[in-house]
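Trainee: Turn this into a model:
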Amino acid sequence: MKARELKIGFVPTMGYLHEGHSSLIDKARQENGAVVVSIFVNPKQFGPQEDLSNYPRDLTRDSSLCEKHGADLIYLPSEDVMYPEGYSTYVEVEGLSGILCGASRPGHFKGVATVVLKLFNLVSPDRAYFGLKDFQQFRVIRRMALDLNLPVEVLGCPIVREKDGLAMSSRNVYLSREQRAKAGLIHQSLKEARNLIGNGETSGERVISMMGKMISGIPDSRLDYIKICHPETLESIAEIKEKVVILVACHVGRARLIDNLTVETA
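Mentor: Below is the predicted model:
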């Protein structure tokens with residue numbers, strides 16, 4: 001591809017692809033001469049109590065989706081290739097990695113940054129595409145690319161949602177029928193927060209309290225965090241005076257769901 005002087009668009013994934021992933025492939029297809037999709041369930045970003053062994057996988061379906069959306073190559077590295085015996089080099093983006101999901105999942109973003117840097121080195125993309133559902137991940141990867149002078153443009157793409165607003169995720173398959181029926185409350189609470197702020201509410205505490213009450217209506221739910229943050233630095237904001245991003249992480253049964261919404265003030 002490089003020999004043909006084609007720009008390479010890259011979509012790194014852990015597989016079990018859905019419409020959110022296909023939107024990234026479509027975007028990469030539109031903007032590049034060649035598209036590479038990687039599928040690798042990265043063990044370094046899972047904690048000891050997390051769902052690595054049970055993480056959903058369906059390579060046949062994934063391959064079909066990639067072909068349908070115009071990917072030129074699916075890259076399927078083995079764990080031995082990514083982490084050979086004696087592997088001991090890691091990347092850590094300080095500050096951004098230790099808050100929000102990084103506080104709840106120690107080591108998670110160290111594993112994410114490490115595998116993405118290795119994939120960037122192996123694929124040599126010109127542009128890389130990430131869904132903004134994982135807003136903190138996008139910020140971590142973009143910071144890493146900037147700090148390490150990586151010759152790749154890191155791009156964030158809009159969240160793709162179900163009809164009731166639930167952000168599409170490979171982990172949605174873990175939800176029971178009852179949990180799934182109410183899981184749209186996460187997005188609804190974000191929209192209600194946007195309405196409150198639009199009507200002049202400046203107290204982050206009151207916005208978070210309202211959202212927490214709404215999300216508690218999801219069966220078997222346990223809130224991890226609701227945070228109102230600066231959209232670039234992800235520093236927590238108590239008094240809302242300017243554009244913010246509201247981030248949510250919530251356990252629902254076996255699933256850990258995340259979502260976010262960027263809100264402009266009047």
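Trainee: Next secondary structure element downstream of the lengthiest helix in the chain?
Mentor: Determined from DSSP state H, the single longest helix within the chain is helix 108-123. Going down the chain from helix 108-123, the next helix or strand is strand 127-131, by DSSP states H and E.
Trainee: contacts for that following strand?
Mentor: By C-beta atoms under 8 Å, 6 or more residues apart in numbering, the residues outside strand 127-131 that reach it are 7-12, 20-21, 23-25, 27-28, 31-32, 116, 120, 137-138, 141, 152-160. Every residue, glycine included, has its C-beta placed from N, CA and C.
Trainee: Tell me which of these fall in strands.
Mentor: With strands taken from DSSP state E, the overlap with the contacts of strand 127-131 comprises 8-12, 153-157.
Trainee: Okay, and residue 77 sits in which element?
Mentor: Using DSSP H and E, residue 77 falls outside every helix and strand.
Trainee: now it: how far from residue 44?
Mentor: Between residue 77 and residue 44 the distance, using C-beta to C-beta, to the nearest Å, works out to 13 Å.
Trainee: sorry, back to before: what's the distance between the longest helix of the chain and the middle of its chain?
Mentor: Offset of helix 108-123 from its chain centre (C-alpha atoms, centre = their mean, to the nearest Å): 14 Å.
Trainee: Could you list every helix and strand in contact with that helix?
Mentor: strand 8-13, strand 34-39, strand 73-75, helix 101-104, helix 135-147 (3 or more C-beta pairs under 8 Å, 6 or more residues apart in numbering; DSSP states H and E).
Trainee: would you turn the ones you listed into a markdown table with distance to residue 217, mean pLDDT and mean neighbour count?
Mentor: Converted to a markdown table, the helices and strands packed on helix 108-123 look like this (distance: least, C-beta to C-beta, whole Å; pLDDT from 0 to 100; neighbours: other C-beta atoms under 10 Å):
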| stretch | distance to residue 217 | mean pLDDT | mean neighbour count |
| --- | --- | --- | --- |
| strand 8-13 | 32 | 98 | 25 |
| strand 34-39 | 35 | 98 | 24 |
| strand 73-75 | 40 | 98 | 16 |
| helix 101-104 | 22 | 96 | 17 |
| helix 135-147 | 24 | 98 | 21 |
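Trainee: Out of the ones you listed, which gets nearest to residue 250?
Mentor: Closest to residue 250 of the helices and strands packed on helix 108-123 is helix 101-104 (C-beta to C-beta; 10.9 Å).
Trainee: Convert the C-alpha atoms of that closest one to PDB, please.
Mentor: Extracted in PDB, the C-alpha atoms of helix 101-104 (Å, rounded to 0.1, in the frame of the first residue of the first chain):
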ATOM      1  CA  CYS A 101     -12.000   4.900  34.000                       C
ATOM      2  CA  GLY A 102      -8.200   4.800  34.700                       C
ATOM      3  CA  ALA A 103      -9.000   5.200  38.400                       C
ATOM      4  CA  SER A 104     -11.500   2.400  38.300                       C
END
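Trainee: Pick out whichever of the ones in strands among the contacts of strand 127-131 sits closest to residue 203.
Mentor: residue 156 (28.4 Å).
Trainee: list the contacts for that closest one?
Mentor: Per C-beta under 8 Å, 6+ apart, neighbours of residue 156: 130-132, 135, 138, 142.
Trainee: Take the residues you listed and write them to JSON lines, including distance to residue 65.
Mentor: Shown next, in JSON lines, are these (distance: C-beta to C-beta, whole Å):
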{"residue": "130", "distance to residue 65": "18"}
{"residue": "131", "distance to residue 65": "15"}
{"residue": "132", "distance to residue 65": "20"}
{"residue": "135", "distance to residue 65": "24"}
{"residue": "138", "distance to residue 65": "22"}
{"residue": "142", "distance to residue 65": "26"}
